[in-house]
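# Have a look at this prediction, sequence included:
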Amino acid sequence: MARLFGTAGIRGVTNSGITPELALRLARSYADWIRRQGASRGSVAVGHDTRWGAEMLARAAASGFASAGLHVQFYGCIPTGAFSLNVARTNQDGGLLVTGSHMPPDRIGLLLLDSEGAVCPFSTTDPVEAILAAEQHPEIPPAAIGRLEDAFHPYELYVSECMQAVDAPLCRSRKYRVAVDPANGAACLVAKEFFEWLGCEVVLLHFDPNPVPDRPSEPRASTVTAAIEAVRRERCDLGACFDVDADRVLFIDADGLPLSEDTAGAIFAASLLRKGDVCVVPVNSSGLIEQVCEPIGARLEYCEVGQPHEVEAIRRHGARFCYEESGKYYFPPRFLWADGLYAAARMIELMARDRKTLAELARPFPRYHQVKRNVPVDDARKDAALRDAVRRLETRLVDGRARDLTVDGFKRIYADHSWLLLRKSGTEPLIRVYSDAPSAPRAEELAREGEALLRECL
């Protein structure tokens with residue numbers, strides 16, 4: 001059977017695919033798994049974002065944990081980074097976050113976190129799914145039912161640790177002016193105070209919590225036009241735009257130009273990595289990161305797409321940095337989760353430390369171009385089609401080939417750091433054809449030839 005859990009929890013339509021009954025059953029199943037591992041405290045955390053039904057589902061999950069005998073710290077509406085940090089630093093045995101992240105407001109997800117605040121790997125969620133399917137839970141007598149308690153002042157711990165993790169006094173000395181767009185999501189509750197702690201004058205947009213954000217939740221260059229205008233109008237030094245749960249961030253420079261997520265990842269990597277360090281990225285990341293790691297002498301490790309794979313690879317390789325092209329940035333080992341607010345603090349710190357604008361930080365890195373195409377393929381034919389395409393690629397599109405990767409599909413990397421990727425969709429009847437190159441014509445050429453080759457196999 002197909003997994004219920006994808007790369008970001010169990011997702012579906014609110015109150016239809018994702019119901020209070022499912023949230024309760026999932027929480028009870030995760031509680032059983034936690035108990036089997038020898039829970040240290042017998043306590044878990046539950047939180048949610050701003051969308052329709054999120055609190056309803058979170059309270060159902062809290063009841064599921066309590067019915068299985070675990071005490072619950074209920075955090076209410078809270079961004080992913082703040083929730084993850086509280087799970088880790090208050091020694092919870094795990095957590096369940098109800099969030100649809102960047103999806104439309106009628107869709108939502110149930111995300112399980114481990115005791116370190118990181119998204120649970122499949123090695124955890126697979127047995128939880130098995131428990132969920134079996135529906136054989138131990139009876140909990142009334143005296144052993146868990147307590148449900150509201151968590152007070154979660155932001156004090158969060159802001160305090162984030163400020164300790166950057167050079168906050170240096171940032172305060174620069175007195176930056178920052179446009180902040182939380183997309184009417186959970187970060188509305190802390191964003192202004194967070195950036196004021198960095199000494200910033202804050203220009204807020206879309207700052208009233210609302211189930212339906214005033215712009216599409218996913219922060220991409222095409223969706224943040226209001227923030228671009230605000231940066232220019234208010235003469236801001238930086239713009240930071242988040243999704244509803246604030247694990248993603250898009251940066252805008254002082255001229256109102258959005259920074260590509262890969263360029264932001266390159267800026268962070270160049271500032272953090274030293275010779276011998278490991279950088280983890282999903283297989284669909286731009287070839288730009290190779291250009292950053294090679295001269296430093298840092299080792300680049302590719303992993304499958306999605307948070308469970310990224311966190312697992314970070315731990316396995318002892319990575320110093322990880323990012324994905326959606327705008328998620330990880331700063332291990334201190335933080336094993338993506339946090340857009342903290343990533344923005346790190347970017348402000350780099351601007352202050354180097355006395356450079358965001359545009360000046362980005363200037364050394366060449367622009368890469370990515371093309372994404374989808375080829376419809378029935379689920380039953382995906383494996384055979386991909387195998388046939390890989391066989392044909394043994395003798396096709398080989399000029400300038402540097403190496404091939406078989407992590408989450410098939411990726412051919414060329415000597416000029418361009419690449420072609422064929423990857424099965426895990427949620428749709430598609431095979432994705434991606435290309436990335438230092439020039440737009442090269443990226444278009446690779447995508448066109450890769451799509452034509454795949455269609456030959458059909």
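Received, thanks.
# Let me know the distance separating Arg235 from Arg355.
Arg235 sits 18 Å away from Arg355, going by C-beta to C-beta, to the nearest Å. For the C-beta atoms, the positions are set from N, CA and C on the backbone; glycine is no exception.
# Kindly apply the preceding question to Pro364 instead.
Using C-beta to C-beta, Pro364 is found at 15 Å from Arg355.
# Which one's more surrounded, these two?
Counted by other C-beta atoms under 10 Å, Pro364 and Arg355 do not tie: Pro364 has more neighbours, with 11 against 8.
# wait, what's in contact with the more buried one?
Counting by C-beta atoms under 8 Å, 6 or more residues apart in numbering, Pro364 makes contact with Ala270.
# and Pro169, what element?
helix 168-174 (DSSP states H and E).
# meant to ask about Ala66
Here Ala66 is assigned to helix 54-67, by DSSP H and E.
# ranges for the helices of the stretch 251-400 of the chain?
261-272, 288-296, 307-317, 340-354, 358-362, 382-392 (DSSP state H, counting those that start in this stretch).
# what is the mean pLDDT for the last one?
Helix 382-392 shows an average pLDDT of 95 in the prediction.
# I'd like the next helix or strand past it.
Next in line after helix 382-392, if elements are assigned by DSSP H and E, sits strand 401-405.
# Now that following strand: buried residues?
Using 16 or more other C-beta atoms under 10 Å as the test for burial, strand 401-405 gives no buried residues.
# residue closest to the middle of this protein?
Among the residues of the chain, the one closest to the centroid is Lys328, at 4.4 Å (C-alpha atoms, centre = their mean).
# For Val371, give its distance to Glu325.
The spacing between Val371 and Glu325, counted by C-beta to C-beta, is 13 Å.
# typed the wrong thing, it's Asp114
With distances taken as C-beta to C-beta, Asp114 is found 25 Å from Glu325.
# And for Lys275?
Taking C-beta to C-beta, one finds Lys275 at 25 Å from Glu325.
# More neighbours: those two, which one.
Neighbours per residue (other C-beta under 10 Å) separate Lys275 from Glu325, with Glu325 holding more: 19 against 9.
# So the more buried one is in contact with Ala266, correct?
No - using C-beta atoms under 8 Å, Glu325 makes no contact with Ala266, being 11.3 Å away.
# hang on, the earlier thing: of the helices of the stretch 251-400 of the chain, which is nearest Thr50?
helix 340-354 (15.0 Å; C-beta to C-beta).
# any idea what sits nearest Ala230, other than its immediate chain neighbours?
Ala179 (4.6 Å; C-beta to C-beta, 6 or more residues apart in numbering).
# for the one you found, phi and psi?
Dihedral pair for Ala179: phi -90, psi 130, per degrees, to the nearest 10.
# residues in contact with it?
Shown in contact with Ala179 (C-beta under 8 Å, 6+ apart): Val203, Leu205, Ala227, Ala230, Val231, Glu234, Cys236, Leu238, Gly239, Ala240, Ile252.
# 10 Å instead?
Neighbouring residues of Ala179 by C-beta atoms under 10 Å, 6 or more residues apart in numbering: 195, 202-205, 224, 226-241, 252, 256.
# next one: Asn374
Ser425, Glu428, Pro429, Leu430, Ile431, Arg432, Val433, Tyr434, Glu451.
# bridging residues for it?
On the basis of DSSP bridges, Asn374 is bridged to Arg432.
# which intervals of the protein have sub-threshold pLDDT?
1, 40, 427 (pLDDT under 70).
# Domain parsing of it, as residue ranges.
Split into domains by automatic domain parsing, the chain comes to 10-152, 369-456.
# phi, psi of Val13?
phi -80, psi 130.
# Surely Ala254 and Lys356 touch.
No - Ala254 is beyond contact range of Lys356, at 11.0 Å (criterion: C-beta atoms under 10 Å).
# neighbour count winner among these two?
Ala254 (18 against 13).
# wait, what's in contact with the more buried one?
Ala254 sits in contact with 176-177, 231-232, 235-239, 357-360, where contact means C-beta under 10 Å, 6+ apart.
# now with 6 Å?
By C-beta atoms under 6 Å, 6 or more residues apart in numbering, the contact list for Ala254 reads Asp237, Thr357.
# name the element the nearest residue to Glu290 once chain neighbours are set aside belongs to?
Closest residue to Glu290 in three dimensions, ignoring its sequence neighbours and counting by C-beta to C-beta, 6+ apart: His417, at 5.3 Å. Using DSSP H and E, His417 sits within no helix or strand.
# okay, now His417: neighbour count?
Residues near His417, counting by other C-beta under 10 Å, number 19.
# same thing with the one 5 residues further on?
Each residue near Leu422 was counted by other C-beta under 10 Å, and the total is 23.
# these two touch, right, it and Lys411?
No - counting by C-beta atoms under 6 Å, Lys411 is not a contact partner of Leu422; they are 7.8 Å apart.
# now the residue lying closest to Tyr158 once chain neighbours are set aside, what's its secondary structure?
Closest residue to Tyr158 apart from its sequence neighbours, by C-beta to C-beta, 6+ apart: Ala82 at 4.1 Å. Secondary structure assignment for Ala82 (DSSP: H, G, I helix; E, B strand; the rest coil): helix.
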